[in-house]
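Asks: predicted structure and sequence below. I'll ask about it afterward.
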Amino acid sequence: MLHDQIFKANDIRGIVGSEWDERGAGAVGAAYVEVMALAGGTFVMGRDMRTSGPAMARAFAEGAMAAGASVVDAGLASTDELWFASGFLDLPGIQFTASHNPAAYNGIKFCLAQAQPVSADFLVAVAHRAREIDAGATPVLADARGSYYERDVLADYAGYLHSLVHLDGMRRLKVVVDAGNGMAGHTAPAVLGPLNVDMVGLYLELDGSFPNHQPNPLEPENLVDAQRAVVDHGADLALVFDGDADRCFVIDERGEVVSPSVITALIAAAELEREPGATIVVNTITSRTVAEVVTERGGQVVTSKVGHTYVKGLMAGHGAIFGGEHSAHYYFRDFWGADTGMLAGLHVLGLLGRSDRTMSQLAAEYDRYAASGEINSTVADVPAMLDRVERRFDGRGAADRVDGLTVRGDDWWVSLRPSNTEPLLRLNVEAKDPALMGQLRDEVLAIVREETA
């Protein structure tokens, strides 16, 4: 079973049992090998802690091996651990994960060797061929079946991350880590354990049913436990990860959330000090603060559409040293241009640990605009809604359709864009003046809610 809606702009994601199943996963495995021309070659595979993961990953591997590809199975892995495995082993990779989606979902993220991004055309081709195979077309079977190997890369991953961050001379920090029962429960002890930190763990047990809160730190209710724990334990900060641990949110010592754009600016400033004039990639939703900070420090800014495939492509094309998205995806050239929440967390720990300031004081320099955060709505006719909002802002700012609809004024912007992974329309608003931000936010929401009320 393979329903069309599981094939997204950047990956595969759907409900197991009703939108795709093990037979469908096997068809995707065979299609993947055909499209990648991997017969006789090898790829590395990982999976998160979702209960459907072992069976779905095994079905994919069976389809791929029948088509002639060999599989290096990294087993339980965060998504950035899989990117590491791809770079470390110089192999194309696939990760079974549905990131922050609820427990019933599973999906696949893909990369080329060295964790390089796949193209949109690749995903279209895999989707087309997988649907043919699932519908009964005979897959191309190899003369020789591929082999299966297991390879644990967790220790190598942790050691490599340590080599990328200046961690010497850190004062001792108390750090809350909320894994949300996701893959940070697997990686955080290995990465943070050897450091000069006291770790207060929340929900480190791997549990794909997510019994404590959903593994989506973009939703404020999923940050409450970590916010409370920081205050209760007198911690210096908290790191909150999503389900596959490729995203990391930071909470300061007061229990206040630090905007991912502020973290992007903070790390960008440090990376530009290390390599003056370097390029930083941001997405269309990232705060203007980042571009200001990068320009002030002599760096170059390149703007991407939202989504890891797009950002990775620009990271590679421009040789960018670092990139950040509003959703707390952080990309590093020295990590093969791929996104890694754990490496971003290490950078924050290193910067804070070598400073005599608190986390809130460290972040304050980079907090220059009022932001709405991401507000989601379900809309029946997305193109018509974008047209309607654009007409409302006619003559008030410069509009573009690079990534949904963005309207920019002198000291504000409004973005309304369809999600790449869910049937949602996402609103983000930013302005220098908090009152103006609230006015613009409410104006756009009134238009959207008029349809949905």
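Replies: The structure has been received and is ready for your questions. Residues are numbered from 1 along each chain as shown.

Asks: what secondary structure does residue 301 sit in?
Replies: strand (DSSP: H, G, I helix; E, B strand; the rest coil).

Asks: settle this for me: it is touching residue 294, isn't it.
Replies: Yes: using Cβ atoms under 8 Å, residue 301 is in contact with residue 294, at 5.1 Å. C-beta: built from backbone N, CA, C; applies to glycine.

Asks: identify the contacts common to those two.
Replies: residue 280 (Cβ atoms under 8 Å, 6 or more residues apart in numbering).

Asks: low-confidence stretches in this structure?
Replies: The model of the chain has pLDDT under 70 over residues 421, 451-453.

Asks: domain map for it?
Replies: Domain assignment for the chain by automatic domain parsing gives 4-152, 154-368, 370-452.

Asks: any chance of those domains in TSV, plus mean neighbour count?
Replies: Compiled in TSV, the domains of the chain are given as follows (neighbours: other Cβ atoms under 10 Å):
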stretch	mean neighbour count
domain 4-152	21
domain 154-368	21
domain 370-452	16
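
Asks: bridged to residue 149, which residues?
Replies: residue 72 (DSSP bridges).

Asks: who's in contact with the top helix by length along the chain?
Replies: Longest helix of the chain, by residue count under DSSP state H: helix 434-452. With contact meaning Cβ under 8 Å, 6+ apart, helix 434-452 is reached by 369-372, 375, 377-380, 385, 388-389, 392, 411-412, 414, 416, 425, 427, 429-431.

Asks: inside helices: which ones of those residues?
Replies: Using DSSP H, the contacts of helix 434-452 in helices are 385, 388-389, 392.

Asks: which residues in this protein form helices?
Replies: 22-36, 53-66, 79-89, 120-134, 154-164, 184-192, 224-233, 260-274, 288-296, 308-318, 341-353, 359-364, 382-392, 434-452.

Asks: dump these into JSON lines; add distance to residue 96 as well.
Replies: Output for the helices of the chain, formatted as JSON lines (distance: least, Cβ to Cβ, whole Å):
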{"stretch": "helix 22-36", "distance to residue 96": "8"}
{"stretch": "helix 53-66", "distance to residue 96": "5"}
{"stretch": "helix 79-89", "distance to residue 96": "9"}
{"stretch": "helix 120-134", "distance to residue 96": "15"}
{"stretch": "helix 154-164", "distance to residue 96": "17"}
{"stretch": "helix 184-192", "distance to residue 96": "14"}
{"stretch": "helix 224-233", "distance to residue 96": "26"}
{"stretch": "helix 260-274", "distance to residue 96": "25"}
{"stretch": "helix 288-296", "distance to residue 96": "32"}
{"stretch": "helix 308-318", "distance to residue 96": "16"}
{"stretch": "helix 341-353", "distance to residue 96": "18"}
{"stretch": "helix 359-364", "distance to residue 96": "34"}
{"stretch": "helix 382-392", "distance to residue 96": "29"}
{"stretch": "helix 434-452", "distance to residue 96": "34"}
